[in-house]
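Engineer: Got a predicted model here, sequence first, then my questions.
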Amino acid sequence: MADLVSLTCPACRKISAAQHFNPASRYSCPNCGTEMVASAKAPSAPIPSPDAPPAEVAQAAGSVDNRVGRYVLVTLLGRGAMGQVWRGWDTTLKRWVAVKVMRFNDVSAEDLARFRREAKTAAALDHPNLAPIYDLGEAGGRHFIVMKLIEGKSLEERFRAPAGQMPDMAGAVSAIRQAARGLAHAHARGIVHRDVKPANMMCDQQGRVYLMDFGLAKPLAVPGVTGVGGVVILGTPAYMSPEAAKGMVHQVDARSDVFSLAASLFALAAGRVMFPAPGGMEMLRRAQAETAPRLRTLRPDAPPELDEVVARGLSRDRMQRFPDAGAFADALDLATGGAAALPSAVFSGAVSAGTAPSAHPTPPASPPRALVVDDDPQVQALFCSLVESIGLRAVPCRDAATAELEAGRGPLALVVLDEGLPDGSGLKLIRRLRAMPGHDRTPVLMVTGMGGADNAARALETGADEFMSKPVSPREFKARAMKLVRRQG
């Protein structure tokens, strides 16, 4: 390997020199970009090494303020309450990345430990609709997170319609469905986002949507987490669930993320947020106290089934929402027939404001109802998710009285029932259910912690169709539930 080799461009005939020439490397002409070849002619100017960074990186690297660890901060992409996001260069792996430099002023060691723990947990997620986290570190007192650089636009930018037109509803549904699938992957692993909004969803040039900023610093009582009267408010007021807006941090869970997903879909489809207000505090007050409007009041062309899905996702009662993002995405599929099946005659990207099509195809039937009766919120949420994964609409009930009331409202495809309830025995509820008109043959799956052959026999003799002991296998639960639903027809 020679120290200095002359190279000639076969296209423009420019002659340059390569130091420490490697015949296995490709050397581009600095004049026209064509691959250069070794020659015996004298060089006119040296050319960069194949490992040299882009010129803009070399220029940015000249300032110490633009260096965090092995990363060079090149272009500022955006600012937020929690810090700045930069287009950066990884000097080790020689690739472009997104670097989020966090603002941590006067925070406790416990807060920093929580931040690192959540970021590491989020880094373990692997889903096509989640922006992967590459690195987490601290340099010179600055904490940073390194993520995949998504070349594209946020959904907030992507679906901003021109004046006089309504946004592309089909595209909005498809984009939110993708984000929901990514969010469902995190929910299944016990991770809650806490700040789902269109600005945190990026659409690349191929149309893939990535949910960004997963679990990053949202629990910290630092700038970026709204504080009102000493109460910690997590999230962005325009997309915040009522419990989050009230500072009820212990209730912010997967259902809160579902509310934010539905609020994001509402905003993208309607062209405005649910509670427009001149300032964040007024928007926060409205989020705390008001019920979200129906989507069809602003988009009369929205199919009724889609309107119902959005309305359920925006329910003020968190127990009436979908249990997690996966159930929300499944409901969107049922309501629209999937992204490819959305009729262009109904979902047009250029619908004039205030106008609706004269007719649209008949929407698919509403999913059959299934009661999930259990007073343990975590168990109930799991069973609701499993029930909705087989195509039913879960109706959560915490006691026998609520279950009877719901049963009196119409047919049921399935009842999932705990044996011990706050206001009585699940066996008594079966007897009362069987005595109600139309429910003498409603399938009942009893799932209880009171196992054993005697309890199983007692449940089956009382009128249960299947019996399972907790903890249950989700796969077995779904298999037994589907068997009962198919048997009923």
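Structural biologist: Yep, that arrived. Numbering: from 1, shown residues only.

Engineer: Give me the three-state assignment for the closest residue to residue 290 other than its chain neighbours.
Structural biologist: Using Cβ to Cβ, 6 or more residues apart in numbering and skipping residues adjacent in sequence, the residue nearest residue 290 is residue 275, 6.3 Å away. Yep, even glycine has a C-beta here, placed from its N, CA and C like the rest. Following DSSP: H, G, I helix; E, B strand; the rest coil, residue 275 is assigned to coil.

Engineer: wait, isn't residue 275 in contact with residue 240?
Structural biologist: No. Residue 275 is not in contact with residue 240 according to Cβ atoms under 8 Å; the separation is 9.7 Å.

Engineer: What residues of stretch 478-489 count as buried?
Structural biologist: By neighbour count with 16 or more other Cβ atoms under 10 Å, stretch 478-489 contains the buried residues 480-481, 484-485.

Engineer: Let me know the closest of those to residue 141.
Structural biologist: residue 481 (53.9 Å; Cβ to Cβ).

Engineer: What strand or helix carries that closest one?
Structural biologist: According to DSSP states H and E, residue 481 maps onto helix 474-488.

Engineer: For that helix, name the packing helices and strands.
Structural biologist: If you count contacts as 3 or more Cβ pairs under 8 Å, 6 or more residues apart in numbering; DSSP states H and E, helix 474-488 packs onto helix 377-389, strand 414-417, strand 444-448, strand 466-469.

Engineer: And for the second one, what's in contact with it?
Structural biologist: By that I understand strand 414-417. 368, 370-374, 383, 387, 392, 403, 407, 426, 429-430, 433, 442-447, 464, 481, 484-485, 488 (Cβ atoms under 8 Å, 6 or more residues apart in numbering).

Engineer: SS state for residue 128?
Structural biologist: Going by three-state DSSP: residue 128 is coil.

Engineer: any idea how far it lies from residue 381?
Structural biologist: Look at residue 128 and residue 381: by Cβ to Cβ, to the nearest Å, they are 25 Å apart.

Engineer: One more: residue 56?
Structural biologist: 49 Å.

Engineer: Of those two, which one has the most company?
Structural biologist: residue 381 (24 against 13; other Cβ atoms under 10 Å).

Engineer: residues of stretch 435-448 that come out buried?
Structural biologist: Under the neighbour-count criterion of 16+ other Cβ under 10 Å, stretch 435-448 has 439, 442-448 buried.

Engineer: Relative to residue 88, which of those residues is nearest.
Structural biologist: Using Cβ to Cβ, residue 447 is the member of these that sits closest to residue 88, with 50.2 Å.

Engineer: Residue 155 is in contact with residue 264, correct?
Structural biologist: Yes. Using Cβ under 8 Å, residue 264 makes contact with residue 155 at a distance of 7.3 Å.

Engineer: Mutual contacts of these two, please.
Structural biologist: 176, 179, 198, 201.

Engineer: Please flag which of the residues you listed sit within helices.
Structural biologist: Using DSSP state H, 176, 179 are the members of the shared contacts of residue 264 and residue 155 that sit in helices.

Engineer: From the shared contacts of residue 264 and residue 155, list the buried ones, please.
Structural biologist: Counted by 16+ other Cβ under 10 Å, the shared contacts of residue 264 and residue 155 give 176, 179, 198, 201 as buried.

Engineer: a markdown table for those residues, including distance to residue 91 and pLDDT?
Structural biologist: What follows is those, written out as a markdown table (distance: Cβ to Cβ, whole Å; pLDDT from 0 to 100):
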| residue | distance to residue 91 | pLDDT |
| --- | --- | --- |
| 176 | 37 | 96 |
| 179 | 32 | 96 |
| 198 | 33 | 95 |
| 201 | 29 | 94 |
